[in-house]
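> what would the 3D arrangement of this be:
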Amino acid sequence: MASSAAPRAPGSGRGGARPMRRQGGPAETEPAPRNRSKARVTIGAETVVKDYRDCPVLVRWMGRYWLDREERALRRLEGLPNVPTVVGRRGPYALEITRVPGVPVSGRRPPEVTERFIERLGQLFDALHARGVAHGDAHCRNVLMAGEEPYLVDFSTAWVTGRHPILDRFLFEWYKQLDRRKIYKLEIDLFGRDVPPPRMFLLYRLVKEGALARFLKNLVLVVGILAILVLARPTRASLIGGGMVAALGQGIRIWAAGHLRRNREVTTSGPYAYVRDPLYLGRLLLLVGFGIMAWGPALWVLAVGVVLFLASYMPRKLAKEPERLENLFGEEYARYAAQVRSLLPRLTPYPERARRSWSFELFWRENREQYFLLGTLLVGAVLVWRHLAGS
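Alright, predicted model coming up:
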């Protein structure tokens, strides 16, 4: 039976844990957090206690709300294996539930995570949905594994049908879609399966997948470009020189977007035969190109942007992405990464490169580079307008 407990106490609800003593013997707890805005979690041999009693007033009130939601969901799921069972409330601000076995699936790879585990997790979600409960927050710390058996913890944000019939009609479906997307993400990340993504609700698509998602993901870049536009003092020579650099950067991105098959293969065709991260290289060239086009005080923004890109952005990417891809593709990616640099192109193509033509389908539908291209054209047009208006 489960508990929001497991290494990092996944069941600690909307917060982490603070040390808490348990009557009748020592308790296992997480390290103390730096603030009092999180629940205390006591992990016993068979049960877990979440306690907000010592939190500030506002956090305590919110904690009571989260505990009420979790208790409501778990009571609806009573008797269902692989989720916690409610033992009882210890007043309005504390909840005791049974502890489940397993460790978080976060950071674990095949063969430790098996296809059977993914199948069983899908069946567990189906069982929840059949009882009118959708988890909605099944990130890798809330999904535990014990062998091939999955367990779910932390139901503090779960949706339970019946209380709001009108909202149930669409919110319950939204939550179920979030659960199904977890299965899709695991299949892609762990096994590289070529499976179609589940169709998500409109708000999710706008924030996570559409043009707004790309805007939020590139917010620092957007702020930098806005600063360049405000400070721009373009000249005819700067527009021509910078425009050539920007066109080269966007051209590399278009070329790369027509070859990249994310999480399905080690892409070695097109620009990937010469450089490992052509999309990032194209972005860097675009930044440089826009800065040159803008000229004047905008060159200071360019200098800061290049430093941030090379000293902060790329190191963070290179600290995570190669390891993830090597876990996914093994020796094939390791050989590729050993011979092809991230941003500095090879003079000759990668010997084991794939020979494949550019794909409009990949460019337009899968990688959606058209949004980036539109942004590039708009920035270029504004810089040209600034020059014409000032001449």
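> now do the same for Ala381: helix, strand or coil?
Classification of Ala381 by DSSP: H, G, I helix; E, B strand; the rest coil places it in helix.
> that one: how many residues sit nearby?
Residues lying near Ala381 (other C-beta atoms under 10 Å) number 10. Where C-beta positions appear, they are placed from N, C-alpha and C, glycine not excepted.
> and the host helix or strand of Val48, what does it pack against?
Per DSSP states H and E, Val48 falls inside strand 47-51. With contacts defined as 3 or more C-beta pairs under 8 Å, 6 or more residues apart in numbering; DSSP states H and E, strand 47-51 has these neighbours: strand 40-43, strand 94-98.
> and for the helix or strand following that strand, what are the contacting residues?
Sequence-wise, the next helix or strand downstream of strand 47-51 (DSSP H and E) is helix 57-76. Contact partners of helix 57-76, identified using C-beta atoms under 8 Å, 6 or more residues apart in numbering, comprise 13-15, 36-39, 50, 52-53, 55, 83-86, 89, 92-95, 97, 131-133, 154-158, 160.
> which among those residues end up buried?
13-15, 37-39, 50, 52, 55, 83-86, 93-95, 97, 133, 154-158, 160 (16 or more other C-beta atoms under 10 Å).
> just to revisit the earlier point, of the contacts of helix 57-76, which belong to strands?
When DSSP state E defines the strands, the subset of the contacts of helix 57-76 inside them is Lys50, Val86, Arg89, Ala94, Leu95, Ile97, Val133, Val160.
> so the fourth one sits against Tyr52, correct?
Read it as Ala94. Yes - counting by C-beta atoms under 8 Å, Ala94 touches Tyr52, with 7.0 Å between them.
> pull the number of nearby residues for Arg316.
Arg316 is flanked by 9 other residues according to other C-beta under 10 Å.
> cool, and Glu173?
Look at Glu173: counted by other C-beta under 10 Å, it has 14 neighbours.
> doesn't it fall inside a helix?
Yes - when the secondary structure is assigned by three-state DSSP, Glu173 falls within a helix.
> give the contact list for Trp300.
Leu231.
> what's the mean pLDDT across the helix or strand hosting it?
Secondary structure from DSSP H and E places Trp300 in helix 298-308. Confidence for helix 298-308, expressed as mean pLDDT, is 88.
> same question for it: list its buried residues.
Applying a neighbour-count criterion of 16+ other C-beta under 10 Å, one finds Ala298, Leu299, Val301, Leu302, Gly305 buried in helix 298-308.
> one more: stretch 170-184?
Within stretch 170-184, the residues that count as buried by 16+ other C-beta under 10 Å are Leu171, Phe172, Trp174, Tyr175, Lys176, Gln177, Leu178, Asp179, Arg180, Arg181, Lys182, Ile183.
> with pLDDT and distance to Leu219 added, can I get those residues in CSV?
Shown next, in CSV, are those (pLDDT from 0 to 100; distance: C-beta to C-beta, whole Å):
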residue, pLDDT, distance to Leu219
Leu171, 87, 28
Phe172, 90, 32
Trp174, 86, 25
Tyr175, 89, 27
Lys176, 90, 30
Gln177, 87, 26
Leu178, 87, 23
Asp179, 90, 28
Arg180, 88, 28
Arg181, 85, 23
Lys182, 85, 26
Ile183, 86, 29
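> just the closest of the residues you listed to Ala127, please.
Minimum distance to Ala127 across the buried residues of stretch 170-184 is 11.2 Å, recorded for Asp179 (C-beta to C-beta).
> burial count for the nearest residue to that closest one once chain neighbours are set aside?
Among residues not flanking Asp179 along the chain, Phe125 sits closest, at 4.6 Å (C-beta to C-beta, 6 or more residues apart in numbering). Each residue near Phe125 was counted by other C-beta under 10 Å, and the total is 21.
> repeat for Arg233
Neighbours of Arg233 (other C-beta under 10 Å): 14.
> can you pick out the most distant pair from the ones in strands among the contacts of helix 57-76?
For the ones in strands among the contacts of helix 57-76, the maximum inter-member distance is 22.2 Å, found between Ala94 and Val133 (C-beta to C-beta).
> ok, back up a step: skip ahead from the helix holding Trp300 and say which helix or strand is next.
Following helix 298-308 in sequence order, the next helix or strand is helix 314-329 (DSSP H and E).
> next SSE downstream of that next one?
Downstream of helix 314-329, the first helix or strand assigned by DSSP H and E is helix 331-339.
> let me see the mean pLDDT of that following helix.
For helix 331-339, the mean confidence score works out to 91.
> pull out the buried positions in it.
Neighbour-count burial for helix 331-339 flags Tyr333, Tyr336, Ala337 (criterion: 16+ other C-beta under 10 Å).
> show me which positions of the helix or strand harbouring the residue nearest to Asp179 end up buried.
Phe125 is part of helix 115-130 when elements are defined by DSSP H and E. Buried residues in helix 115-130, counted by 16+ other C-beta under 10 Å: Phe117, Ile118, Arg120, Leu121, Gly122, Leu124, Phe125, Leu128, His129.
> and stretch 256-268, by the same measure?
Ala256, Ala257, Gly258, His259, Leu260, Arg261, Asn263, Glu265, Val266, Thr267, Thr268.
> now the helices and strands packed on strand 47-51 as a markdown table including distance to Pro322?
Below are those laid out as a markdown table (distance: least, C-beta to C-beta, whole Å):
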| stretch | distance to Pro322 |
| --- | --- |
| strand 40-43 | 35 |
| strand 94-98 | 39 |
